[in-house]
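>>> The sequence isn't on hand, but the structure is:
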């Protein structure tokens, strides 16, 4: 009857987090003090570093680049083994040779977001001014800041225009922000399972997660890295609560129902009696091994602040006015975190702005996480949309064509 | 940028919890060692104490008793000022003079549940064998145990048969268990916004809450009362997560939307920027002032274990076979914790068992908590159902008749 995250299990993670933040496992771009990123918070971030991965090869005309944007706790390892977890990339269902985002045809870029903890500057990074981890000294970041950092990366890579930018959830928010901020740099955009603003309910869930982290005495006012501890327990609770929102009632029922864990009778105790409890605890435990707690605060906050219409006089259509970008919007029937009505609001605004848009609500019982899972209808839609965009810019036909 | 539950704010709560557990603010019945309660966990609980309240007067024929069952964190103060919070009773919308459960007509009893912390034996109570608080030495309890304890209370009060038993959420689970365990002691039953079993998603949310409590170092393996501390921070996080599930996306949107807290611009910090954050923090803060953390573990666990069909060969209808009880089942359209399909499953089983049942799905955007709020359709249904039951047993007409 003890809490499930024992201190000894993860005692090295603080040190590991620092090492990872400063010695990433993927290519990085380091922007010097002469190329600051002006943040929405009103300050400049100097010495920006961006960790990224690429898949496939750029063509000579520079017309085959696809930017993939990751969700809250994702990273740049979209389509290759994740060096931290040892697991496949988070979007291998969608990105790879012969996949809908076909790396034999497209040059795919995925960057760790600003505020993240996998090679891009975030609160676990070393502040070059002090030599210590930023912690809460790092200014807060927004989805727009993330997108502006990605634009700097593309400049660095010599990519003037993207064939497409695609992503789900927070990745979809970045897609929308790209379309609003850099319409001339996008031919097509694919926002999936997302919204143009974060709802009150979603803010509420994020706030619970942040409070769980900050309630952990090992958070130390955000200075845990400097003090050699990590608020594992709080972060695990945050992840558990969030994980429920990524699934549907139906998918939890299908996966676990009320089945007990390796026994016939309940234990009449507080150990994990039900399989769903054991599963959730595992989600919490494994998350704390790979994610920085302060980074979780920053990235959830960026999602909460996202309200694209607010930057355009309160009218979402204004964000896309005059855009020549083609849009493909998709939602999932059982997604209650970003329900279909959020996608419909995007589609209505795109229609009102005169943009080219297709929209599909995909029947699925897998909840929000459906965009990461085996969803043949999503694959077919993405494949068709990208193929059409590729043909329109004159790319040769792909394998499946 | 600190956690919101400061230790100094609630430093007396551990002592207060003990005092409240042993010196309740309402009538109590103390059952001696000669009247043990046999628990589902397979052990006997001696020295059971039950804290309760009554409203109205019993009639000479003993035909006007209505038992009201409270939800997870409710208590016996259904229709009178709560002496701990100073707030009105939790069901004053439904119970009182001239109200649907009319205390001018009915003798209403409400008892704190077994495992609770408002006068009925729970983990914060003093174990008479040791003189110390039970803590986790208290055996786990089930909804059936709660109902059996209530039956002992009714025996003590000389009430042989109830005109009706009514309750929402966990209160509704008790109503269903009453109908299954004591059909001969019930004329009518009103289970509201409830289910005959707790879903995987609901177990998952409860598990997050329990982990939040147990992750707090001040939980001390459940021995915090003996050690003079209280896991306020963990309990507050648990309450925040749970509170979201009691509301609907729409009600959170209507109430708060994305409105900022007393300012025009976001702070770019981790203080409560949005009104919904401030509201949730307040929910957490006020809850820890009135509820025992171990009690929260026990009562959530009781709900998780509830699966009425499992006790009747897996067939819910068998739980009601041959019952002469009249049932009135109600659900709310926006309740996603106990969605209408859970009520439908109850109604199907009642129909299959040949019981008398009426069912209404009430249109409401208030989510699960609608059963506690101003819902005229609920009031009309409850009034009509109870009036009909009262006439059937020969009670004189009420004020509204």
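Happy to help now that I have it. Keep in mind the model is a prediction, meaning the values are calculated, not measured.

>>> rest of the way, CA atoms for contacts and neighbours
OK.

>>> Name the helix or strand of chain A that has the lowest mean pLDDT.
Scoring the helices and strands of chain A by mean pLDDT, DSSP states H and E places helix A:13-22 at the bottom, with a mean of 50.

>>> Which SSE is immediately downstream of that one?
Per DSSP states H and E, the first helix or strand lying C-terminal to helix A:13-22 is strand A:28-30.

>>> Could I get the buried residue list for that following strand?
Buried residues in strand A:28-30, defined by neighbour count with 16 or more other C-alpha atoms under 10 Å in any protein chain shown: A:28-30.

>>> Reformat those into TSV and put distance to residue B:294 and pLDDT next to each item.
Shown next, in TSV, are the buried residues of strand A:28-30 (distance: C-alpha to C-alpha, whole Å; pLDDT from 0 to 100):
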residue	distance to residue B:294	pLDDT
A:28	49	96
A:29	51	96
A:30	51	96
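
>>> isn't residue A:256 right next to residue B:201, touching?
No: using C-alpha atoms under 8 Å as the test, residue A:256 is too far from residue B:201 to be in contact (9.5 Å).

>>> These two - which one has more neighbours?
Between residue A:256 and residue B:201, counting by other C-alpha atoms under 10 Å in any protein chain shown, residue B:201 is the more crowded of the two (24 against 19).

>>> State the pLDDT value of that one.
Looking at residue B:201, its pLDDT reads 97.

>>> can you confirm it is in a strand?
No: looking at residue B:201 with DSSP: H, G, I helix; E, B strand; the rest coil, it is helix, so not inside a strand.

>>> Quick check: closest non-adjacent residue to it.
Leaving aside its chain neighbours, residue B:201 sits nearest to residue A:249 (5.5 Å; criterion: C-alpha to C-alpha, 6 or more residues apart in numbering or on different chains).

>>> can you count the residues close to that neighbour?
Here the number of neighbours of residue A:249 (other C-alpha under 10 Å) works out to 23.

>>> Show the pLDDT at it.
95.

>>> how near is it to residue A:200?
Look at residue A:249 and residue A:200: by C-alpha to C-alpha, to the nearest Å, they are 20 Å apart.

>>> got the residue ranges for the helices in the stretch 251-400 of chain A?
Along the stretch 251-400 of chain A, counting by DSSP state H, counting those that start in this stretch, helices occupy A:275-288, A:293-305, A:340-353, A:376-392.

>>> Can you name the residues of the stretch 151-300 of chain A that neighbour chain B?
A:199-201, A:203-205, A:207-208, A:211-212, A:214-217, A:221, A:233-234, A:237, A:240-241, A:244, A:249, A:252-253, A:256-258, A:266, A:268-270, A:276-277, A:280, A:297 (C-alpha under 8 Å from any C-alpha of the partner chain).

>>> Which stretches in the stretch 51-200 of chain A count as helices?
A:143-157, A:170-181, A:200-215.

>>> quick check: angle from the second one to helix A:143-157?
With axes from the mean of the first three to the mean of the last three C-alpha atoms, to 10 degrees as the basis, helix A:170-181 and helix A:143-157 are set at 80 degrees to each other.

>>> so what secondary structure elements neighbour helix A:170-181?
When contacts are defined as 3 or more C-alpha pairs under 8 Å, 6 or more residues apart in numbering or on different chains; DSSP states H and E, helix A:170-181 sits against strand A:65-69, helix A:143-157, strand A:162-168, strand A:186-192.

>>> Highest mean neighbour count out of the helices of the stretch 251-400 of chain A?
Comparing these by mean neighbour count (mean count of other C-alpha atoms under 10 Å in any protein chain shown), helix A:293-305 comes out on top with a mean of 25.

>>> Hmm, residue A:59 and residue A:103 touching each other?
No: assessed by C-alpha under 8 Å, residue A:103 is found out of contact with residue A:59, at 11.7 Å.

>>> confidence score at the closest residue to residue A:141 other than its chain neighbours?
Counting by C-alpha to C-alpha, 6+ apart, residue A:141 lies nearest to residue A:302, which is 5.9 Å off, once chain neighbours are set aside. Looking at residue A:302, its pLDDT stands at 98.

>>> Quick one: closest of the helices of the stretch 51-200 of chain A to residue B:152.
Nearest to residue B:152 among these is helix A:200-215 (39.8 Å), distances taken as C-alpha to C-alpha.

>>> So the closest residue to residue A:202 other than its chain neighbours versus residue B:76, what's the distance?
Among residues not flanking residue A:202 along the chain, residue A:337 sits closest, at 6.8 Å (C-alpha to C-alpha, 6+ apart). Residue A:337 sits 36 Å away from residue B:76, taking C-alpha to C-alpha as the criterion.

>>> swap in residue A:34?
Residue A:34 is 67 Å from residue B:76, where distance means C-alpha to C-alpha.

>>> These two - which one has more neighbours?
Taking neighbours as other C-alpha under 10 Å, residue A:34 and residue B:76 compare with residue B:76 leading, 27 against 8.

>>> give me every residue that touches that one.
Residue B:76 is in contact with B:51-53, B:70, B:110-112, B:118, counting by C-alpha atoms under 8 Å, 6 or more residues apart in numbering or on different chains.

>>> Could I get the residues you listed in TSV, plus columns for distance to chain A, pLDDT and neighbour count?
Formatted as TSV, the contacts of residue B:76 follow (distance: C-alpha to the nearest C-alpha, whole Å; pLDDT from 0 to 100; neighbours: other C-alpha atoms under 10 Å in any protein chain shown):
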residue	distance to chain A	pLDDT	neighbour count
B:51	24	97	28
B:52	26	98	25
B:53	30	98	19
B:70	22	98	26
B:110	26	98	22
B:111	23	98	30
B:112	21	98	30
B:118	22	96	34
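
>>> got JSON lines for the residues you listed, with distance to residue A:288 too?
What follows is the contacts of residue B:76, written out as JSON lines (distance: C-alpha to C-alpha, whole Å):
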{"residue": "B:51", "distance to residue A:288": "43"}
{"residue": "B:52", "distance to residue A:288": "45"}
{"residue": "B:53", "distance to residue A:288": "47"}
{"residue": "B:70", "distance to residue A:288": "37"}
{"residue": "B:110", "distance to residue A:288": "44"}
{"residue": "B:111", "distance to residue A:288": "42"}
{"residue": "B:112", "distance to residue A:288": "39"}
{"residue": "B:118", "distance to residue A:288": "37"}
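
>>> just checking, which of the residues you listed belong to strands?
Counting by DSSP state E, the part of those found in strands is B:51-53, B:110-111.
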